[in-house]
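In: Okay, here's the prediction I keep looking at, along with the sequence it came from:
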Protein chains: 2
Amino acid sequence: MDDHDNKKAPVFQQMDLERQNLLQQLKADYRQIIINYFAGDKTSKEKIDNFIHKVFDYNLPVPLIIEIHMDLIDELSKQLKVEGRSDDILLDYRLTLIDILAHLCEMYRCSLTR
Amino acid sequence: MDDHDNKKAPVFQQMDLERQNLLQQLKADYRQIIINYFAGDKTSKEKIDNFIHKVFDYNLPVPLIIEIHMDLIDELSKQLKVEGRSDDILLDYRLTLIDILAHLCEMYRCSLTR
């Protein structure tokens, strides 16, 4: 690494930190969405809208959402196994992902044709 | 309907017919994709790509894909019930829809940022 790179490093570190914070926030948001989705929570739609807008505004790659979903399902699956409970409910969580992807996709489509 | 509308009618009928044919074709394509998805069919990826490109090129609203999926699942569910078989497999078909939506969404996103 030369001097030029050394000067740049803190900025990149800051960007990485910002991105890491964003990812952590998105993961926390998604966890809340997934858990509340079937509980009839009135704020559920609003939380999904906020999540979708955040992903859209930061122009995040779609595979990242899939990754967030898979990580959470993996974590919940282990938790349910430890508690000796069935993980059938996790199959239903795919509906939440479908809902989010469909709305996000329609948002990108409408932005493109506007 | 006035004369002006009368003159226009055949064109609109033609457009409707074209759209109807497209929808029928998409439904048939989607059926093939869903049925082959878990069969390890080598042409599966290619069929999904063609489907996504068709939806993208015609700029079709995303809820239409959800509708095509729901109609097919409904139809398959009835068929399995008549045959006295379990419809557990239909839950897995959501993975195909997730796959399609994720790729389509990424295609719109990349077109927007290009």
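Out: Thanks, I have it. Residues are numbered from 1 along each chain as shown, chains lettered A, B, ... in the order given.

In: use CA for all of it now, contacts and neighbours both
Out: Fine.

In: I'd like the distance between the residue of chain A found nearest chain B and residue B:39.
Out: Nearest to chain B in chain A, going by CA to the nearest CA, is residue A:105, at a distance of 4.4 Å. The gap separating residue A:105 from residue B:39 is 27 Å, by CA to CA, to the nearest Å.

In: higher neighbour count, those two?
Out: Higher neighbour count among residue A:105 and residue B:39: residue A:105, with 27 against 9, using other CA atoms under 10 Å in any protein chain shown.

In: Was I right to think the more buried one contacts residue B:107?
Out: No: at 9.1 Å, residue A:105 does not count as touching residue B:107 under the criterion of CA atoms under 8 Å.

In: Get me the contact residues on chain A for chain B.
Out: Applying CA under 8 Å from any CA of the partner chain, we find that chain A lies next to chain B at A:59, A:61-63, A:91, A:94-95, A:97-98, A:101-106, A:108-109, A:111-112.

In: Please check those and keep the buried ones.
Out: Among the residues of chain A next to chain B, those classed as buried by 16 or more other CA atoms under 10 Å in any protein chain shown are A:62, A:94-95, A:97-98, A:101-106, A:108-109.

In: And the contacts of stretch A:83-97?
Out: Residues outside stretch A:83-97 that contact it (CA atoms under 8 Å, 6 or more residues apart in numbering or on different chains): A:34, A:37, A:69, A:73, A:76-77, A:80-81, B:91, B:94-95, B:98.

In: now stretch A:28-36
Out: In contact with stretch A:28-36 (CA under 8 Å, 6+ apart) are residues A:44, A:47-48, A:51, A:68-69, A:72, A:93, A:96.

In: Tell me which residues touch residue A:70, please.
Out: No contacts exist for residue A:70 under CA under 8 Å, 6+ apart.

In: Just give me how far the helix or strand where it lies sits from the chain centre.
Out: Using DSSP states H and E, residue A:70 falls within helix A:62-82. Average the C-alpha atoms of helix A:62-82, do the same for its chain, and the two points are 11 Å apart (CA atoms, centre = their mean, to the nearest Å).

In: Okay, buried residues for that helix please.
Out: A:62, A:65-66, A:68-69, A:72-73, A:77.

In: and the angle from the next helix or strand after it to helix A:62-82?
Out: For helix A:62-82, the following helix or strand on the C-terminal side (DSSP H and E) is helix A:89-113. Angle, helix A:89-113 to helix A:62-82, by axes from the mean of the first three to the mean of the last three CA atoms, to 10 degrees: 170 degrees.
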